[in-house]
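Q: Task: produce atomic coordinates for the following.
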Amino acid sequence: GRVLDEVMAISQAERGMILLLDDAGGLTGAVTRPADDAAVAGLMGFSRSFVREALTTGRAVWVADAQADVRFANAASVLALDLRTVVVVPLLVDGTPIGVLYVDQRRVNRAFGEQDLRLMEGLAGFAALAIANARRFEALRLRDETLELVRALAMAASEALAPRAAADRVADLVAAAFNG
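A: All right, here's what the predicted structure looks like:
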């Protein structure tokens, strides 16, 4: 949440989100601001047109006045949400998008500049690495739990077998694991 809070301060945005891609390619809101709106709505409405552009190109999308930009002026979300300034920065890990950092507001913000965008891109990079590391940690934790379960099952099975047969079976399993 701290990255989003910093980005909200930099961009002077009214609303912000960190959206993550799930295994099916859908988007899940990981963090939203203001938090109260997100709790009431489940997940705030956002412009999928901007998000799709950032995810497809792997580059930040920044529009000072979305309703005047020919690429997005007719997007249903821009009109429905009365969006003006929108900034979407992809969260990239090894060049692959894992989500986006999204902020918007319903007034034109011409004070936001290129230097602010670069700072947001840097913060998005840190957020992407933190998310990737958390995912790796969780995967390792699950792997360790699985290995512990397998070890416990092997111990239980070996107690049921004759000691010599258990030793032979463990040796076969270890050999298969390293050769396989």
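Q: And the most centrally placed residue in the chain, how far from residue 136?
A: Among the residues of the chain, the one closest to the centroid is residue 20, at 3.1 Å (C-alpha atoms, centre = their mean). For residue 20, the distance to residue 136 (C-beta to C-beta, to the nearest Å) stands at 15 Å. The way it works is simple: take the backbone N, C-alpha and C, and place the C-beta from them, glycine included.
Q: do the same with residue 21
A: 16 Å.
Q: When the two are compared, which one has more neighbours?
A: Legend: neighbour count by other C-beta atoms under 10 Å for residue 21 and residue 136, higher for residue 21 (16 against 10).
Q: Tell me how many other residues crowd the nearest residue to the more buried one once chain neighbours are set aside.
A: Spatial nearest neighbour of residue 21, chain neighbours left out: residue 99 (5.4 Å); criterion: C-beta to C-beta, 6 or more residues apart in numbering. With neighbours defined by other C-beta under 10 Å, the count for residue 99 comes to 26.
Q: which residues touch residue 99?
A: Residues near residue 99 by C-beta atoms under 8 Å, 6 or more residues apart in numbering: 18, 19, 20, 21, 27, 30, 90, 91, 128, 131.
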